[in-house]
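> With the input below, show me the fold.
(one chain, ligands or ions: 2)
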Amino acid sequence: MSEEQVFVGSIDQGTTSSRFLIFDKQGEPVAIHQEEFSQIFPHPGWHEHDPEEIVSSVNTCIDKAVEQFQSKGHDIKSIKAVGVTNQRETTVVWDRKTGKSLYNAIVWTDTRTSSVVHELKARPGSDGLMDVCGEPLSTYPSVTKLLWLLKNKPEVKEVYDRGDLAFGTIDAWLIYKLNGGAEKNVFVSDPTNAARTMFMDIRSLEYSDKMRKFFSYEFDLSKVHFPKIVKSSDKSAFGELAAGALKGFKITGCLGDQSAALVGQKGFKAGAAKNTYGTGCFLLYNCGEKPVISKNGLLSTIAYDFGTPVYALEGSIAVAGSGVKFLMQNLNFGVKSEHISSLAEEVPDAGGLVFVTAFSGLFAPYWIDDAQGTMFGITQHTQTGHIARATLEAVCYQTKAILDAMAKDSSQPLTSLRVDGGMSNSTLTMQTQADVTGIPIIRPKMRETTALGAAIAAGLAVGVWNDLSELEKVNVEGETTFERKISEKDAKKMFRRWERAVEMTKGWVVEEEEDEKK
Ligand SMILES: Nc1ncnc2c1ncn2[C@@H]1O[C@H](COP(=O)(O)OP(=O)(O)O)[C@@H](O)[C@H]1O
Ligand SMILES: O=P(O)(O)OC[C@H](O)CO
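Ligands and ions are numbered 1, 2, ... in the order given. I've put the predicted structure just below:
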């Protein structure tokens, strides 16, 4: 008799869209539905999402994908579990009495808190934070977003005053709402997400008193309710879906999206790495069971916790696909992402143009929060193709800078890099990545690796796979490898030009602010 076919569902809540996928045991998606949702940019540097719209987009994805699944003749009873993966750092606050959000979610890319960051950096003790939580102080983690909400939104302050303020990243918010909200009050987060708030001690995987105290200079943060930190794969901690086509189905896995992609690429051995080109771009390097605190501008984070925590070094780039979207939506360069890649292919190179896409300052390994997007080398020769090409190249140069930093921190240069995410569809970008770094770039055929990672976390909890060794045959077919096609000398020249441009972006925002004071 043939083995019963089993499936795992996966919610992938990204920065620009939500998806629900249903995977078979070999890691093949058999049903998928994706919904884009509103990107709200109320002021320069501000970026928000409507938390209720995020939840409804996820619910629609689940219902539509299940419809597809059933129309292919499958029975929903063969879905054994559901996993969740999500954009990290994006911050939601809600009233735990009503279960209603109190303000839009402040997205990870948002830079409204840059002045708070400057103040915090000047406070005694700020230099010891990274050793506890693994991250440098910047606008990127959730903490300053929470402080901003408490200070600037009276409706948030009022709920805080009465002791009912709940704070969470998107995983915590989604799981809470999918479980039915205030009534069930399933309020949890996993270490890969909690690590991104700056409140978690990356060694104990618990909230750190030292961190909470440091940030409690104006508001007593012990009065705010934080989600309980639980393992990334767990049979009961994440509750179950309260409504919709999968009502009563258990959520048994949860991973921040970049950790999920590492799991989906099966980066389980120390030394394995992946780079995900989505809205931003994030390189994670598995460092094994001990954290490595970077001395070269990288983050120390949690790769996954399936019983024993595994750590990663991370290089975070704020702008990747969002640069492509910027060209389409703000500059009318095309209506589809692939048009940008085709436009870039019309020219043989960027024609001397360098675009430092510092829309959120520059993240790893530079951490320049007073930079803004800047183009260098514009001449009468510059065409739209050059701008498109320079936009794609920017993420490749930043990846090269991250790889250099990683080699210093781990004293082991990477010999190849696995890639995924929407922008990895651009063959030109992947070839440029190989050209700039000089290492083979390996792109799998099935690139929904983030969603697959969450499915793996969920499936491991309920015995769809019993251990990591059973995943060997999952998603192995049809890889493409990109090798360097230009000379090392040319690659070095291109990268030096980029580094010169980065140097020149420093201080732009501060100079503007000082100018206003005059
Ligand atoms: N062929 C392509 N060339 C360049 N960029 C692309 C291509 N296809 C998708 N993208 C970009 O990838 C991003 C979406 O990737 P995705 O992994 O879905 O991101 P997220 O999870 O952050 O929402 C978008 O910004 C889109 O513009
Ligand atoms: O939406 P992505 O895929 O760019 O990922 C967002 C990250 O989790 C932010 O840290």
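> C-alpha from now on. contacts and neighbour counts both.
OK.
> Please name the residues that touch His33.
By Cα atoms under 8 Å, 6 or more residues apart in numbering, His33 lies in contact with Arg19, Phe20, Leu21, Cys61, Ile62, Lys64, Ala65.
> just the helices in the stretch 201-350 of the chain please.
209-215, 257-264, 321-329, 337-345 (DSSP state H, counting those that start in this stretch).
> how far does the second one sit from the chain's center?
Computed by Cα atoms, centre = their mean, to the nearest Å, the separation of helix 257-264 from the middle of its chain amounts to 9 Å.
> That one near ligand 2 at all?
Yes: judged by Cα under 6 Å from any ligand atom, helix 257-264 and ligand 2 are in contact via Asp257, Gln258.
> Point out the residues in this structure that sit beside ligand 1.
14-17, 278-279, 321-322, 324-325, 337-338, 341, 421-423, 425-426.
> Now do the longest helix seen in the chain against helix 321-329, angle only.
Identified as the longest helix of the chain according to DSSP state H is helix 384-410. In terms of direction (axes from the mean of the first three to the mean of the last three Cα atoms, to 10 degrees), helix 384-410 departs from helix 321-329 by 170 degrees.
> Gly271 - how many residues pack around it?
A count of nearby residues for Gly271, using other Cα atoms under 10 Å, gives 17.
> residues in contact with it?
Contacts of Gly271 (Cα under 8 Å, 6+ apart): Tyr285, Asn286, Cys287, Gly288, Leu414.
> pLDDT at it, what is it?
For Gly271, the pLDDT comes out at 90.
> oh, and call the first residue 657 from now on, that's how I've got it
Taking 657 as the first residue, the last one we looked at is Gly927.
> separation between Ala1110 and Lys951?
From Ala1110 across to Lys951, the span is 30 Å (Cα to Cα, to the nearest Å).
> Comparing those two, which residue is more hemmed in?
Ala1110 (34 against 12).
> wait, the more buried one sits on Ile907?
No: taking contacts as Cα atoms under 8 Å, Ala1110 lies outside contact range of Ile907: 10.2 Å.
> Quick check: neighbours shared by the two?
Shared contacts of Ala1110 and Ile907, counting by Cα under 8 Å, 6+ apart, come down to Gly739, Val740.
> about what we covered before: list just the nearest of the contacts of His689 to ligand 1.
Arg675 (8.9 Å; Cα to the nearest ligand atom).
> Run through the bridge partners of that closest one.
Counting by DSSP bridges, Arg675 is bridged to Asp668, Gln690.
> isn't it right up against Gln669?
Yes: Arg675 lies in contact with Gln669 (Cα under 8 Å); the separation is 6.3 Å.
> Mind listing the shared neighbours of these two?
With Cα under 8 Å, 6+ apart, Arg675 and Gln669 have common neighbours Val714.
> Run a quick check on Asp719 versus Gly900, I expect a contact.
Yes: contact criterion Cα under 8 Å: Asp719 and Gly900 qualify, at 6.5 Å.
> more crowded one of these two?
Neighbours were counted for Asp719 and for Gly900 using other Cα under 10 Å; Asp719 has more, 16 against 13.
> Give me the nearest residue to that one, chain neighbours excluded.
Ala901 (5.3 Å; Cα to Cα, 6 or more residues apart in numbering).
> need the contact list for the nearest residue to Val773 once chain neighbours are set aside.
Computed as Cα to Cα, 6+ apart, the closest residue to Val773 that is not its neighbour in sequence is Ser794, at 5.9 Å. Residues in contact with Ser794 (Cα under 8 Å, 6+ apart) are Ser770, Val773, Trp1023, Asp1025.
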